[in-house]
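Chemist: structure for the following, please:
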Amino acid sequence: MIKKLRLRGFQSHLYAELEFTPGVNVIVGPTDSGKSSLVRALGWLIFNRPRGDGFVNRLARTCEIAVETDGGAASRSRKPNNEYVINGASLTAIGTTVPDDLQTVVHLDDVNFQWQLDPYFLVMESPGAISRYVTEQLGLDTVDIALKSLKGSQARLADQREDLKQTYDESSVELGKLSALDDWVRRLDEAYQLGALLDTVAEKRNELDKLSARLDDVSTALVALSDLEEKLDLFEASTLRDQLAEVCRRASSFAARLTELERVESSYVKSGTASDANDAAIEEAKQRYASALKDLGVCPTCFSVVDETTLERVVARL
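Modeler: All right, here's what the predicted structure looks like:
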């Protein structure tokens, strides 16, 4: 129940305050005295309508509607602040909406308002409109809405059932076309295995190509080595030939010296006398023979190596 209504700066009311008593309260007055403005002010508080600020009295510094009820206190103001105050709590970011907590204070709705130009309540309405209103007030419209929703759901389910049946039939036909699927799967597995085998063969082929390239390198190296051996053989033969020529030259020199020695020895034998001069000549011939034999390095008859010991033994025997 509304206990008190206070208006400040709303239309023709710079300030008005009304207190209500339990039961029916009647407001009377001459035309344009602001009776309808009281209903509009209460509607602005409850429904946040009308929009804008055309209802604000231009002579007032503020515009405010406040009520006190059994449920508490609520107010709606436009100047200087655009806000609701419900049981002391200020709500400013309201836009075009109405705070939910307002109904806990006023407990009023559309059905509680009869505007000035509205027809008499339900008297001018059609039977169907009256029935819908009564149904809504009794909550029976929920049953109608549920029935309509149920019928709609049944229709959608029937359509879905037909669609599923059609999909099932089409799937059965397509499944029949795939009867050879197992064979195709087997062939696909074989193809995968063959592909893996081909990959292995390709890897082996690459390894074989690498080994072939290495074999070519080895063959090239062997040919080069063969050429080197031939050159080395030719070099060793040439060196041996030169050494042999040197031996022959030294042998010829040794033979000439030996011939001279034999001539001296023959001359010494024939003379039958051993003079000091001949001894000196023989000794000189021995030294010359030893020197020639040392230079030669090998025996001219057996080609054995002549070292210092062998050389002393040969000279001792001369």
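
Chemist: what is the burial count for I130?
Modeler: 12 (other Cβ atoms under 10 Å). Glycine gets a C-beta too; all of them are placed from N, C-alpha and C.

Chemist: also R241?
Modeler: R241: 10 surrounding residues under other Cβ under 10 Å.

Chemist: shouldn't Y15 be in contact with G34?
Modeler: No - between Y15 and G34 there is no contact under Cβ atoms under 8 Å: 11.4 Å.

Chemist: in terms of neighbours, single out the busier of the two.
Modeler: It is G34, of Y15 and G34, that has more neighbours when counted by other Cβ under 10 Å, with 17 against 12.

Chemist: what sits against that one?
Modeler: By Cβ atoms under 8 Å, 6 or more residues apart in numbering, G34 lies in contact with Q11, S12, H13, A16.

Chemist: identify the bridge partners of the third one.
Modeler: The one in question is H13. F10 (DSSP bridges).

Chemist: would TSV of the contacts of G34 with pLDDT, distance to D70 and neighbour count be doable?
Modeler: As requested, the contacts of G34 are exported to TSV (pLDDT from 0 to 100; distance: Cβ to Cβ, whole Å; neighbours: other Cβ atoms under 10 Å):
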residue	pLDDT	distance to D70	neighbour count
Q11	92	27	17
S12	90	29	12
H13	92	24	20
A16	92	22	15
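
Chemist: just name the closest of those to Q287, please.
Modeler: Q11 (165.3 Å; Cβ to Cβ).

Chemist: grab the nearest non-local neighbour of that closest one.
Modeler: Using Cβ to Cβ, 6 or more residues apart in numbering and skipping residues adjacent in sequence, the residue nearest Q11 is S37, 4.3 Å away.

Chemist: ditto for D144
Modeler: Nearest non-adjacent residue to D144, counting by Cβ to Cβ, 6+ apart: T135, 6.9 Å away.

Chemist: give me the pLDDT for the one you found.
Modeler: In this model, T135 is scored at 79, pLDDT.

Chemist: ok, then the element right after the strand or helix carrying V67?
Modeler: Using DSSP states H and E, V67 sits in strand 63-69. Moving toward the C-terminus from strand 63-69, the next helix or strand (DSSP H and E) is strand 72-79.

Chemist: re the thing from before, so the residue nearest to Q11 makes contact with L14?
Modeler: No - at 11.5 Å, S37 does not count as touching L14 under the criterion of Cβ under 8 Å.

Chemist: the more surrounded of the two?
Modeler: Per other Cβ under 10 Å, whichever of S37 and L14 has more neighbours is S37, with 18 against 13.

Chemist: check which helix or strand that one maps to.
Modeler: Residue-wise, S37 maps onto helix 35-47 under DSSP H and E.

Chemist: burial of the nearest residue in space to V111 that is not next to it in sequence, as a residue count?
Modeler: Nearest residue to V111 in three dimensions, chain neighbours excluded: Q137, at 7.3 Å (Cβ to Cβ, 6+ apart). Neighbours of Q137 under the rule other Cβ under 10 Å: 10.

Chemist: swap in E207?
Modeler: Neighbours of E207 (other Cβ under 10 Å): 10.

Chemist: quick one, the strand holding V67 and strand 72-79 angle?
Modeler: Taking axes from the mean of the first three to the mean of the last three Cα atoms, to 10 degrees, one finds strand 63-69 and strand 72-79 inclined to each other by 180 degrees.

Chemist: if anything else comes up later, I'll come back, but that's it for now.
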